[in-house]
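1. turn this into a structure:
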Amino acid sequence: MNTILKIEISGPVVMTTAALIGFAFFLVLFLKPSARWALTAVLAVAVAVLVGWLTVWIVEDVMDVFHVGLTPRVWFWALACFGGLGLAAVSFRHSRPWRKAVAAVSIPVFALVAALGINTEFGLNKTLGSALGISTEGAIHLSKPNPDVSNPAGPLWQNWKPPADMPAQGKVGTEVIPATASGFNARPAGIYLPPAALTKNPPKLPLFVLMMGQPGLPDPQYVAAALDEFAAQNNGLAPIAIVADQIGPDQDDTLCLDTAKYGNVQKYINEDVVNWAKANLNILTDRDHWTIAGYSNGGQCAISFALKYPGIWGNVVDISGEEFPGAEDPAGNLAEIFGGNQADYEAQKPINIMNGKKFPDTTAVFTAGSDDLNYVAAAKAVSAAAQASGMSVTYYEVPNGGHVGMALNEGLAKGFEVLYPRLGLSR
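-> Coordinates of the predicted model:
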């Protein structure tokens with residue numbers, strides 16, 4: 001079963017193959033048409049594409065289901081699917097048995113090809129398991145931290161000499177982090193151990209805690225891919241990463257607060273995850289080497305936690321984050337979570353938390369896709385407040401990154417580019 005869940009469902013090879021199959025079915029349905037049927041088929045495709053355009057427009061602009069603009073390629077795949085389904089539907093009318101059979105098979109083919117294309121464009125689900133919200137990573141083996149290993153006298157890059165048998169890449173897996181203090185129902189966290197951590201006498205390394213979007217999976221593959229690249233350029237050095245679950249198995253927008261409705265998420269990340277990391281990972285424990293990070297929903301969580309727990313987190317990376325908790329439905333959250341108390345809601349917004357306060361010796365990185373307009377506005381507003389509060393701020397827009405995998409991957413890369421010298425992993 002796990003082998004099936006690890007099947008790749010994105011990438012050039014998958015999409016080229018899928019697109020060719022879909023196009024082939026489309027052409028077959030046009031074989032040996034009469035003039036009247038050909039005209040009917042063309043009209044059916046045109047009407048279906050028009051219906052598809054109207055449907056996507058309503059979903060995106062009127063209902064704002066995704067809360068982000070859809071890219072032209074997402075529109076293309078959606079409209080192509082509607083066009084194909086329109087052709088399949090009309091192929092059942094006044095046609096020979098072979099055309100009806102092809103039409104029946106083509107319906108799931110067209111739907112699947114479009115789904116694969118849209119998934120590839122979003123770039124967040126590389127495997128079937130990821131798309132289904134099922135982790136395909138097994139439990140990771142962790143060696144207990146060696147208490148005899150002291151913190152380095154200077155930056156790690158100056159003191160660390162990799163052994164000849166150090167692995168070329170890091171290791172990923174999952175670990176259940178007990179919700180001892182919070183009781184929050186979290187899914188197993190993703191863990192990434194860099195090459196340096198896999199050696200016989202590993203150094204203590206920085207800690208990087210990442211939270212993904214909502215909906216989403218605490219999948220370590222994205223941070224692992226980014227850190228493997230940086231580790232390869234820096235003698236195997238990289239932070240040990242935890243991809244922690246802040247939304248739970250029901251994929252709720254928990255607002256990253258302690259609430260009666262969703263549980264004690266804030267306490268889970270900042271007490272349970274923190275205490276588990278100290279007890280089980282070979283990490284440096286000072287705040288300068290600890291980073292809280294997040295993407296989309298997790299980005300808002302990251303900046304909020306950095307402000308509420310400045311003694312724990314010395315660095316923060318906010319990738320395409322929302323401006324404040326529950327920004328997608330402020331009216332609903334005001335009523336359900338805060339009981340209509342606007343002052344309580346305002347007190348949880350990062351910009352308001354920073355107002356009149358100083359957060360020195362904190363490094364903050366804010367990124368967003370340049371064409372992701374709502375999140376660009378949020379990143380600019382929060383990063384400006386962070387700079388005014390005394391943080392060392394980097395703001396970066398991923399060119400045409402949207403609110404998809406490109407924004408996440410390049411946001412991580414920019415974050416590590418800024419953090420590596422700060423963490424003592426490079427000059």
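2. do a quick rundown of the helices in the stretch 51-200 of the chain.
-> For the stretch 51-200 of the chain, applying DSSP state H, counting those that start in this stretch gives helices covering 72-90, 97-122, 128-131, 156-159.
3. also the stretch 251-400 of the chain?
-> Remark: helices assigned in the stretch 251-400 of the chain by DSSP H, counting those that start in this stretch are 265-267, 274-280, 297-308, 330-336, 342-346, 350-354, 373-388.
4. and among the ones you listed, the most buried is which?
-> helix 297-308 (a mean of 28; mean count of other CB atoms under 10 Å). Just so you know, the C-beta spots here come from the backbone N, C-alpha and C atoms, and that holds for glycine as well.
5. so can I have a markdown table of the helices of the stretch 251-400 of the chain showing mean pLDDT?
-> Formatted as a markdown table, the helices of the stretch 251-400 of the chain follow (pLDDT from 0 to 100):
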| stretch | mean pLDDT |
| --- | --- |
| helix 265-267 | 98 |
| helix 274-280 | 97 |
| helix 297-308 | 98 |
| helix 330-336 | 95 |
| helix 342-346 | 97 |
| helix 350-354 | 98 |
| helix 373-388 | 96 |
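6. now the ones you listed in JSON lines, with distance to residue 98?
-> Output for the helices of the stretch 251-400 of the chain, formatted as JSON lines (distance: least, CB to CB, whole Å):
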{"stretch": "helix 265-267", "distance to residue 98": "56"}
{"stretch": "helix 274-280", "distance to residue 98": "61"}
{"stretch": "helix 297-308", "distance to residue 98": "49"}
{"stretch": "helix 330-336", "distance to residue 98": "52"}
{"stretch": "helix 342-346", "distance to residue 98": "62"}
{"stretch": "helix 350-354", "distance to residue 98": "62"}
{"stretch": "helix 373-388", "distance to residue 98": "49"}
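7. residue 196: which of those helices is closest?
-> For the helices of the stretch 251-400 of the chain, the distance to residue 196 is smallest for helix 274-280, at 17.0 Å, taking CB to CB.
8. nearest residue to the middle of the chain?
-> By CA atoms, centre = their mean, the chain has its centre lying nearest to residue 212, at 4.3 Å.
9. how about it, phi and psi?
-> Per-residue torsions, residue 212: phi -90, psi -170 (degrees, to the nearest 10).
10. do you know the pLDDT at it?
-> With respect to pLDDT, residue 212 scores 96.
11. low-confidence ranges in the chain?
-> Across the chain, the ranges flagged by pLDDT under 70 are 1-3, 5-6, 9, 64-69, 123-124, 129-131, 133, 135-136, 148-150.
12. if we can go back for a sec, residue 302 versus the residue nearest to the centre of the chain, what's the distance?
-> Residue 212 sits 11 Å away from residue 302, going by CB to CB, to the nearest Å.
13. many thanks, I have nothing further to ask.
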